[in-house]
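A.B. asks: Just the structure for this:
(2 chains)
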Amino acid sequence: MSIDEPLFSVLGTTAALFEAPGTAMTLETQQRIWSLAKEAQDWPEVREAVPGMNNLMLSFETPPRRLDELERRLLVAWREVRPLKLAGRVIELPVTYGGDGGPHMADVVAHTGLSVDDIVELHSAPLYPVYALGSHPGYCYLGGMDPRIATPRRKVPVLSIPGGAVSIGGSQTGVSASAGPSGWNTIGSSPLAFFYPDREVPVLLQHGDSIRFRVERIIR
Amino acid sequence: MIEVLAAGAQATVQDLGRTDCLRWGVGTAGAMDPMALAAGNLLLGNDANSAAVEIQVFPFRVRFTQDGAFAVTGADCAATLDGLPLMPWSAHRVRAGQELHFGVPQPGRWRASRAYLCLPGGVDVPMVLHSRSTQLRGSFGGLEGRALRRGDALRAATSGADFVSSDIGILPPALALPLERDGCPAMRVLPAAEYGRYTQASRDGFWRNEWKITPQSDRYGFRLAGEALRPEAPMEMRSHGIVPGVIQVPPDGQPIVQMRDAQPSGGYPKFATVIEADLWRLGQAPIGSRVRFIETTWDEALDAQEELKVWLEEAARLIGLHRNSQGAA
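C.D. replies: Residues are numbered from 1 along each chain as shown, chains lettered A, B, ... in the order given. Predicted structure coming up:
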């Protein structure tokens, strides 16, 4: 298969998935995904346009009879959309790296060949833009992680990691908002909650906002 | 209207799910067997999407604290009302003080694993983000965002005084619309984006082999055991939206079917998706049982969805006729 062309596929009859070309995750591509989401949200068969990491899921209000027509419309819109530049708020999160709150730090050390200090330095350096929300209520997928600390997802998912867990999955990083199963490598912990089910917009952070990790402590 | 006297783990309040909050990371939740939920609601004259109690660990026992009505659907749990046996998939009037007991799921023509207790007008819990389904991961929805326990009280949204049918039942869709392959319960499946990146042997084996539902299976996902699915080359995906029914393959090659409490995004390669029209069949498959998958097409999958819709409409029509004849008598 080509990685130079966008990819269209279905998730049963519930949703379709559009994946932008390329394997690297870039902010510019993500900004075009935000634009595409904004446009597709108004299409009659679309219940919800859900940005992922350089991709977009469209859940169906009613699945269309003609899939090829929807695919063509997506491809045309993708060619035409311009990056949607959002300057949201910046949130700083204190993180304790390693120790009981970072049980998979050793796996990241083993995979990358870097020291714990190097990993913490590389992980806490960037200002991470929120690319998308997913996984569980309020969880933010972040862009911009240093590829040197990329570590494959775990062979078997962990049945539960705690809320506030800071973790790495492939070339992505994020903070869990509540306890639950995960296939990612947990390297630290942060005291955190930002989901408010009683509000009409229940999340504190949305795509376009940013997170910075502040090193509170390193347990080696 | 009811008080929970004995609850196994994981009984929760569910409607048909929270289908429009995916962009905030909120999974759909909702009944594992939406057909059983909808049918139970129709038996009481409720909206099909009304909330009910989903029971998956038995026994389960409640006492009615007011006169009213109820319906039981889903797995045949040899339910009794004050010791008197009830037909599966039936609705009844009830008096204050009567006790309803669900035993373990019975072996029989349809071996299922989840039962539903529906109340008049639906279970009256607050609507949170457009649904009454319990979101366990987010600890909201349902009753205080958690599973039920002994001593909990649940109200029905209406009194049930207008429920005039003394006994009314319906044939379960598993018997009316059976689907098996070589004697094994089956589900229709559409290939997903990474299907073509698995070895030919794995693709053939997926359709040919039986898959066992392991004990590590719950409302989040069913972990299956069988001949491992092997990609031509390892894949590391970018996270993307997923929905209940998606069959992911972690590196160990043993597939996981996302179920109703599934998270709304993921990054394991997706092999295929159980179509929405058949996901209730899998939702009722007991741990330790085996299932088969049947490759289907987009058009067939839409037709299957339409078939369920027609079945529910016909059920609603017959129940309405029955109710009118009872009311006139």
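A.B. asks: can you map out the helices along the chain?
C.D. replies: You didn't say which chain, so I picked chain A. Counting by DSSP state H, residue ranges of the helices within chain A are A:27-40, A:67-80, A:105-112, A:116-124.
A.B. asks: That was the other one, I meant chain B.
C.D. replies: With helices called from DSSP H, chain B shows them at B:34-43, B:173-176, B:200-208, B:276-283, B:298-328.
A.B. asks: Most tightly packed of those helices?
C.D. replies: helix B:34-43 (a mean of 28; mean count of other C-beta atoms under 10 Å in any protein chain shown). In short, each C-beta sits where N, CA and C put it, glycine included.
A.B. asks: so it versus helix B:276-283, what angle?
C.D. replies: Interaxial angle of helix B:34-43 relative to helix B:276-283 (axes from the mean of the first three to the mean of the last three C-alpha atoms, to 10 degrees): 100 degrees.
A.B. asks: Wondering if helix B:34-43 reaches chain A at all.
C.D. replies: No: no part of helix B:34-43 sits near chain A under the criterion C-beta under 8 Å from any C-beta of the partner chain; the closest distance found is 12.3 Å.
A.B. asks: go on, stretch B:222-232?
C.D. replies: No: using C-beta under 8 Å from any C-beta, stretch B:222-232 stays clear of chain A, with a minimum separation of 9.2 Å.
A.B. asks: that older thread, got the helices of chain A as TSV, with mean neighbour count, distance to chain B and mean pLDDT columns?
C.D. replies: TSV is the format used below for the helices of chain A (neighbours: other C-beta atoms under 10 Å in any protein chain shown; distance: least, C-beta to the nearest C-beta, whole Å; pLDDT from 0 to 100):
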stretch	mean neighbour count	distance to chain B	mean pLDDT
helix A:27-40	20	8	96
helix A:67-80	14	6	97
helix A:105-112	17	12	97
helix A:116-124	18	18	98
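A.B. asks: would you list these in CSV and tack on distance to A:S167?
C.D. replies: Listed next are the helices of chain A as CSV, based on distance: least, C-beta to C-beta, whole Å:
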stretch, distance to A:S167
helix A:27-40, 20
helix A:67-80, 31
helix A:105-112, 10
helix A:116-124, 10
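A.B. asks: quick one: which of those is nearest B:W311?
C.D. replies: Taking C-beta to C-beta as the criterion, helix A:67-80 is the member of these that comes nearest to B:W311, at 24.8 Å.
A.B. asks: Can you give me every residue that contacts A:L205?
C.D. replies: A:L205 sits next to A:G88, A:R89, A:I91, A:V130, A:L133, A:G138, A:C140, A:F194, A:I211 when contact means C-beta atoms under 8 Å, 6 or more residues apart in numbering or on different chains.
A.B. asks: check those against chain B, which are close?
C.D. replies: When C-beta under 8 Å from any C-beta is taken as the criterion, the members of the contacts of A:L205 that contact chain B are A:L133, A:G138.
A.B. asks: Is there a quick ChimeraX command that grabs whichever of the contacts of A:L205 are buried?
C.D. replies: To isolate the buried ones among these in ChimeraX, judged by 16 or more other C-beta atoms under 10 Å in any protein chain shown, type:
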select /A:91,130,133,138,140,194,211
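A.B. asks: pLDDT-wise, what's the bottom of the contacts of A:L205?
C.D. replies: Among the contacts of A:L205, A:F194 carries the weakest pLDDT, at 74.
A.B. asks: Touching, that one and A:S178? I think so.
C.D. replies: No: at 10.4 Å, A:F194 does not count as touching A:S178 under the criterion of C-beta atoms under 8 Å.
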